[in-house]
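Asker: Predicted model and sequence follow; I will ask about them next.
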Amino acid sequence: MAAPAPILRMSGIGKQFPGVKALDGVDFRLLPGEVHALMGENGAGKSTLIKVLTGVYDIDAGEIELEGRRVAFSSPLAAQQAGISTVYQEVNLCTNLSVAENIFIGREPRRFGRIQWRAMRRRAAEILSRLDLDIDVSAPLASYSLAIQQMVAIARAVDIDAKVLILDEPTSSLDAGEVAQLFRVMRRLKEQGIAILFVSHFLDQIYEISDRMTILRNGKLVGEYLTSELSQVELVGKMIGRELADLEKLEARPPAREGAPLVEAERLGRPGAIEPFTLTIHEGEVVGLAGLLGSGRTEVARLLFGADHAGTGALKIGGEQVSLRTPRSAVARKLAFCSENRRAEGLIPDLTVRENIILALQAARGWTRPIPRRKQDELVDKYVAALNIRPADPDQLVRNLSGGNQQKVLLARWLILEPRLLILDEPTRGIDVGAKAEIQRLVAELSDGGMAVLFISAELEEVLRLSHKVGVLRDRRLVAELDNDERLTTDALTETIASGARA
Amino acid sequence: MNRILKHRLFWPVVVLVALLLLNLVFTDGFFRIQMREGHLYGSLIDIFRFGAPLILVATGMTLVIATSGIDLSVGSVVAIAGALACMQISDLSDQNSVSGVLTAVGVALALSVVLGLWNGFLVAGIGIQPIIATLILMVAGRGLAQLITDGQITTVNSAPYKLIGGGYWLTLPFGIIIVAVVLALTAFLTRRLALGLLIESVGGNAEASRLAGISARGVLMTVYAFCALCAGIAGLMISSNVSSADGNNAGLWIELDAILAVVIGGTPLSGGRFSLSGTVLGALIIQTLTTTIYSIGVPPETTLLFKALVVTIVCLIQSPAFRAKVFHRRRRPIEARPATEEKVRVSA
Amino acid sequence: MTSITGLPGLRRVVPQKYVPVLVTACLFVAMFVAGGVRYDNFATGQIILNVFIDNAFLLVVAVGMTFVILTGGIDLSVGSVVALATMVSASLLKDGWPAYAVIALVLVIGATLGLGMGAIIHYFEIQPFIVTLAGMFLARGLCYTISTDSIPIENETFTAIAQTRINLGGDLSLSPSAVISIVVVLIAAYMLHYTRLGRNVYATGGSEQSALLMGLPVARTKIAVYTISGFCSALGGLLFAFYSLSGYGLSAVGMELDAIAAVVIGGTLLTGGSGYLAGTVLGVLVLGLIQTIISFEGTLSSWWTKIFIGVLLFAFILLQRVFSAGSRRGAH
């Protein structure tokens, strides 16, 4: 089969953010009538590539061609008008309006300025029936599931004559039936010659729907492959940067001293977020969680910390049955949690480094018992020095710090509490190599000092280097719990992540 | 120089100084402070004296706004507190009984706190938007105040009560002393104790605060109760000054002036960092404006016009969008770091 | 909260989006029936028409407020603009201006004020609350600069309009102002339902971000609603002038609260994007009927009105929360 000319071609795309090279010489092409998966771990540059393509960001280098013409979009709207529509996981529609309106608003059929509701509803129903969707188009969009909302978004995109349709993690909140329905629609559109760029973290879905994939890692192009010619194991290896041939062994961690069980989760779960899992963390033990983004890593952490309510199961801390209703009660039991989402769930950007560091301790003490200024200085200075936080100015607003230093501030916030269990969700993501090494060293030291650590990371080397035990997650299920002995390698881990069972 | 220009209180100070200079030019003896019968008199003293209730209400409002909330009901609380105190005092056999007046004051302030807790419950407990939650009490509270006074303007003749808003102590108007005490107390609670940190944290990033183990509910309840307490004290002051309670007009629109004072003082309505001194400045600007208009002989009817003008100017120069558009500085709408922006998780 | 599911039976029969309006309608009917049982001469059509006659200005103002609130904004200036409209008309009429020129000028002033506030809100990104608050001071201040006293209106056209009663057959009659207010409601309902502007208002209130991404003219829409609100306030002021035959700087103090209360009781969400004009009409009628009942009761004092309105507000906000929580659950 001769490949048709690409409808979209991006070549040598470069995008620089302060301190980070988000995209570096990336090439990408999209053929009409294909589903093309864009793969890569967090921070690989997928979102940046999409944002560059749809005019959210300018490009620093390279060029974009649509149907052979050079283009540069000033806004998502301009991209849309040129035929590139994007449907995000968070549906960008007005859920308070009816389904029909969401498809037609801005271009309603009118006569003498009066909106022809009947015609609009009829045409909306037609468009949706072409996507095998038979729903009441006069009902508000909010009354339908997210899957239907996404399909309505797709219907709107297609009806404005889209040539390229970008689906950015559309399946993350859908159940199996809804995914199947979405895939049916995608196949329909493919037959009509629309090029679909598909982003998902579910490997099975990628293999089910996509024809071709482009893999990015650290802002660089790894390669473009036909899905049928790349095995899941090879794909995961390329995403996380280890070729199968590369069998470099990592020095094994010394086995953990047999500490007492600190946290015992028994069939703990939350419907829609994570299937019930059983996991025990001992004192002084580092438990790594491996798995791709969206596999349920963060959900495990949030349940253990009481950030979300567990729907099922039981949790024991120090042998005592507990029910964590709020993070506050978890903190009272000496648990600590550094969220992966520093900006939304960690830092208070308008407060200073000092205030951010003492926040959790102060919250635990209550506002009537302030930490004396001298004690504050002592603690803050100690951790600013120990973690090498730059600039070493406690009165600097935390928003002005770099990502790595912000991460260290968050770590310091929890370390001054001297927790028994420290949960670190992607603590090294998006920070520079130096800071990364420092944080890894710190984790090792802490566990040697008797602290239990739950370490979540997408980088398998890191997980292997630090952990005594690794939990592997896949599709929101804890599929394996592996001791970190000499037999456990990144390849074995990769295999487990890809297949869902120990190789 | 640049640091002074960038200071958050720079523009409010400029406006206040400009207003005062205007008085220096147009009003004779504006800055003169006299001692008469052991009391201090003068325009400057008057600004503080008449501005006292506003400063009080604005102080409470500052804390509420710092949690990214708003309290529209303070005007009603002002009226209710004044009404309740006056009703109790008028029922006393001896209106000059100090213990009776103290009881009345205590009951009125206790009710204010209860009303504040009600607001806090609606906001933190039920999760209603603050502007709507406090709208309920704003509307109903006026009715309650009139219910308490039975729709009459209740007058009292009580020397101890008169002291609160109209009396002098240590040569100073008693109201100024109350304001100083409340301000000192607020500064103590928020800056010496850690309430301020928790408030700014909740206002700056509610979810992060929750994950850091802060009980946002407790903080919000405290703040709304405190705001209502401030309003209650202001209500006593206003009713004491005129020795009567007017359920309909006491504290009318004080919530708007208080919100303005806070915004002029540089605390953003979106919450987070707050500045008590900024709020005091804001309240003083509003009061000085009123005084200035009277003293330089502009017809008092136009006070509101000037107020509109000053509000617009102060808000505009503090608006980043306005500065960007006027000074042709291109704003960078997206300065996201890609790594941290990758994923926005919504906890369902 | 999950245990409260509202009115399940009702929900099955009518789409959920109409439920808040229906609840208000039921409340209105219940109040009317209760009044009819309790008082003689209450359950007549004229009582309802009188509510329209006495609250025509509030209805018009509330219509403008509905537009603003539907976009998720708020307009605190309406009461002052009403007062300004009465003052401008009264003083110009006293100077011998022709009535229709005055009416046209007043409407232009109102719309211009709204336009200005809308532009500041949108382009300088200052909260509507603050901008319209400044607008409120401005309009009220302008009133006082015209005069601090009440100015009577003796113009023939105005007095004629004030005294005319349009007979509807039987014993029923309406004032021209009430008719105007009903016409305004009809035009506004048409605009909201059948024009792009109207739909953009809902879309902007639903999600400004999405509306922008869908290519809708958000800037124009936001400025338009404040202009409409300013226009409606000015028109409401004219109706108030017909009603009171005077201009007074202190009139309509606090009317913004009544208007907001009417809109909320009518089932419109203060967060924007959801609500109907029919609800606003019912909200105004409920407020009017409360006053009527209290005047029939005789022994009940006027401040009970405010307390009742507060209680109603609370009930409706609670109801809306239950419903919005329900629809969010449905979305997942």
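Answerer: Yes, it's here. Numbers count the residues shown, from 1 in each chain, chains lettered A, B, ... in the order given.
Asker: All the strands of chain B, residue numbers only.
Answerer: Using DSSP state E, the strands assigned to chain B run over residues B:34-36, B:39-41, B:153-155, B:168-169, B:172-173, B:244-246.
Asker: Indicate which one of the ones you listed is closest to B:Leu144.
Answerer: strand B:244-246 (12.4 Å; Cβ to Cβ). For every residue, glycine as well, the C-beta is placed using N, CA and C.
Asker: Partner strands of the closest one and their direction?
Answerer: strand B:153-155 (antiparallel) (DSSP bridges).
Asker: residues in contact with the partner strand?
Answerer: Contact with strand B:153-155 is made by B:83, B:86-87, B:90, B:243-246, as judged by Cβ atoms under 8 Å, 6 or more residues apart in numbering or on different chains.
Asker: Contacts only, for the residue nearest the centre of chain C.
Answerer: Per Cα atoms, centre = their mean, the C-alpha nearest to the average position across chain C is that of C:Ala62, at 0.8 Å. C:Ala62 makes contact with C:258-259, C:262-263, C:266, C:280, C:283-284, according to Cβ under 8 Å, 6+ apart.
Asker: Show the contacting residues for B:Gly272.
Answerer: A:348, A:350, B:66, B:68, B:200, B:203-204.
Asker: swap that for C:Ala219, sorry
Answerer: C:122-123.
Asker: can you list the weak-confidence ranges in the chain?
Answerer: Using chain A. A:1-3, A:18-20, A:42-43, A:89, A:172-173, A:175, A:241-258, A:430-434, A:500-503 (pLDDT under 70).
Asker: hm, I was asking about chain B
Answerer: In chain B (pLDDT under 70), the answer is B:1-6, B:327-348.
Asker: top helix in it by residue count?
Answerer: Counting residues, the longest helix found in chain B (DSSP state H) is helix B:216-242.
Asker: now that one, how far from the chain's geometric center?
Answerer: 9 Å (Cα atoms, centre = their mean, to the nearest Å).
Asker: Which strands or helices does it pack on?
Answerer: Contact analysis of helix B:216-242 by 3 or more Cβ pairs under 8 Å, 6 or more residues apart in numbering or on different chains; DSSP states H and E lists helix B:43-66, helix B:74-91, helix B:98-120, helix B:159-166, helix B:174-187, helix B:195-204, helix B:206-211 as its packing neighbours.
Asker: Chain A: which of those is closest?
Answerer: helix B:195-204 (4.2 Å; Cβ to the nearest Cβ).
Asker: quick revisit: out of the strands of chain B, deepest packed?
Answerer: Neighbour counts (mean count of other Cβ atoms under 10 Å in any protein chain shown) averaged over each of the strands of chain B peak at strand B:244-246, with a mean of 25.
Asker: Quick one: distance of that strand to the chain centre.
Answerer: 20 Å.
Asker: same thing with stretch A:65-80?
Answerer: That offset, for stretch A:65-80, works out to 27 Å (Cα atoms, centre = their mean).
Asker: Report the buried residues of it.
Answerer: Within stretch A:65-80, the residues that count as buried by 16 or more other Cβ atoms under 10 Å in any protein chain shown are A:66, A:71, A:73, A:76-77, A:79-80.
Asker: what residues are up against the nearest residue to B:Gly69 once chain neighbours are set aside?
Answerer: Among residues not flanking B:Gly69 along the chain, B:Pro130 sits closest, at 3.7 Å (Cβ to Cβ, 6 or more residues apart in numbering or on different chains). B:Pro130 sits next to B:64, B:68-71, B:119, B:123 when contact means Cβ under 8 Å, 6+ apart.
Asker: Mind doing that once more with 6 Å?
Answerer: Contacts for B:Pro130 (Cβ atoms under 6 Å, 6 or more residues apart in numbering or on different chains) come out as B:69-70, B:123.
Asker: Distance check, the one residue in the stretch 101-250 of chain B that gets nearest to chain C against chain A.
Answerer: As assessed by Cβ to the nearest Cβ, chain C sits closest to B:Ala140 within the stretch 101-250 of chain B, at 2.2 Å. Distance, B:Ala140 to chain A, using Cβ to the nearest Cβ, to the nearest Å: 29 Å.
Asker: How about that residue: what's its closest non-neighbour residue?
Answerer: Using Cβ to Cβ, 6+ apart, the closest residue to B:Ala140 is C:Gly310 (2.2 Å).
Asker: Is that neighbour in contact with B:Met138, as I believe?
Answerer: No. Contact between C:Gly310 and B:Met138 fails when scored by Cβ atoms under 6 Å: they sit 8.2 Å apart.
Asker: These two: who's more crowded?
Answerer: Legend: neighbour count by other Cβ atoms under 10 Å in any protein chain shown for C:Gly310 and B:Met138, higher for B:Met138 (26 against 23).
Asker: how about the more buried one, what does it touch?
Answerer: B:Met138 neighbours (Cβ under 6 Å, 6+ apart): B:72-73, B:76.
Asker: The residue positioned nearest the centre of chain A: what secondary structure?
Answerer: Nearest to the mean C-alpha position of chain A, counting by Cα atoms, centre = their mean, stands A:Leu293 at 5.0 Å. Per DSSP: H, G, I helix; E, B strand; the rest coil, the secondary structure class of A:Leu293 is coil.
Asker: quick one: the strands in the stretch 51-200 of chain C?
Answerer: C:151-152, C:166-167, C:173-174 (DSSP state E, counting those that start in this stretch).
Asker: out of everything not next to it in sequence, what's closest to B:Thr302?
Answerer: Going by Cβ to Cβ, 6+ apart, B:Thr302 has C:Thr145 as its nearest residue, at 5.4 Å.
Asker: Now do that neighbour, the pLDDT please.
Answerer: pLDDT recorded at C:Thr145 is 88.
Asker: That one - how many residues pack around it?
Answerer: C:Thr145 - counted by other Cβ under 10 Å - has 14 other residues nearby.
Asker: and chain A, which residues reach chain C?
Answerer: A:76-77, A:92-94, A:96-97, A:105-106, A:114-115, A:142-143 (Cβ under 6 Å from any Cβ of the partner chain).
Asker: For chain A, see how far away the residue in chain C that chain B sits nearest to is.
Answerer: In chain C, the residue that lies nearest chain B is C:Gly310 (2.2 Å; Cβ to the nearest Cβ). Going from C:Gly310 to chain A by Cβ to the nearest Cβ gives 27 Å.
Asker: what's the neighbour count on residue 17?
Answerer: Unless you meant another one, I'm taking chain A. Neighbours of A:Phe17 using other Cβ under 10 Å come to 19.
Asker: my bad, the chain I had in mind was chain C
Answerer: Neighbours of C:Lys17 (other Cβ under 10 Å): 19.
Asker: can I see the domain layout of chain A?
Answerer: What automatic domain parsing lists as the domains of chain A is A:8-230, A:261-499.
Asker: Chain B against chain C: which residues are in contact?
Answerer: B:128, B:132, B:136, B:139-140, B:142-143, B:146-147, B:151, B:256, B:269, B:301-302, B:304-305, B:307-308, B:311-312, B:315, B:319, B:321-322.
Asker: Now a PyMOL select for only the buried ones of those.
Answerer: Buried residues among the residues of chain B next to chain C (16+ other Cβ under 10 Å), as a PyMOL selection:
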select buried, chain B and resi 128+132+136+139+140+142+143+146+147+256+301+302+304+305+307+308+311+312+315+319+322
